[in-house]
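K.L.:
Predicted structure and sequence below. I'll ask about it afterward.
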Amino acid sequence: MRKILKGLLVLLMLSGCGEAPKEEVQEDVPPMMVVNPIKTYDTLEAVNNAVGTTITLSDQIEVLRYTTINNTVAQVDFTYSEYEMCLRASFETEGAELAGTYGECQESTIDDYIILKYDFGVVVVYDINSEHRTFFIKATIEDNQLKEIINVVLN
């Protein structure tokens, strides 16, 4: 009797092991592509024209690259002295969001500039007319050094 029950059990199990139904695949659907929001430009004029900004730069800096982000943010990466820096301008985004910096920071002011000091660097926030700007320095520096950099880079 046990042999018969075992045999029936094996038959029952095997009857449910048929080929699974195949899912329909649409062959005419193109694969999803993610568009890179960053575009590189050769000149500051091209970046300003793309976004509508009015960035000007000191002749004392060394430009590394000109880019835009989503055609709404103009960005210039450069060095001055020993510091690597990034200047961004936009009509749509402002403050720490424009700088791309988040987390706890110490806020202060130097002249008309708002200063946000993070563990990883300093953000200078300011506006020119209706154009929002941030200036990020990838270093922690003292206020006297920061004031010197602001006077050279932003004026």
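P.N.:
Received, thanks. Numbers count the residues shown, from 1 in each chain.

K.L.:
helices and strands of this protein: which one has the lowest mean pLDDT?
P.N.:
helix 2-15 (a mean of 57; mean pLDDT, DSSP states H and E).

K.L.:
Residue 122 touches residue 146, doesn't it?
P.N.:
Yes. Contact criterion C-beta atoms under 8 Å: residue 122 and residue 146 qualify, at 6.2 Å. Heads up, the C-betas are built off the backbone N, CA and C, glycines and all.

K.L.:
which of these two has more neighbours?
P.N.:
Counted by other C-beta atoms under 10 Å, residue 122 and residue 146 do not tie: residue 122 has more neighbours, with 26 against 20.

K.L.:
Please name the residues that touch the residue most central in space within the chain.
P.N.:
Nearest residue to the geometric centre of the chain (C-alpha atoms, centre = their mean): residue 100, 6.0 Å. Taking C-beta atoms under 8 Å, 6 or more residues apart in numbering as the criterion, residue 100 is in contact with 88, 136.

K.L.:
count of residues packed around residue 75?
P.N.:
25.

K.L.:
so it is in which element?
P.N.:
Using DSSP states H and E, residue 75 maps to strand 73-80.
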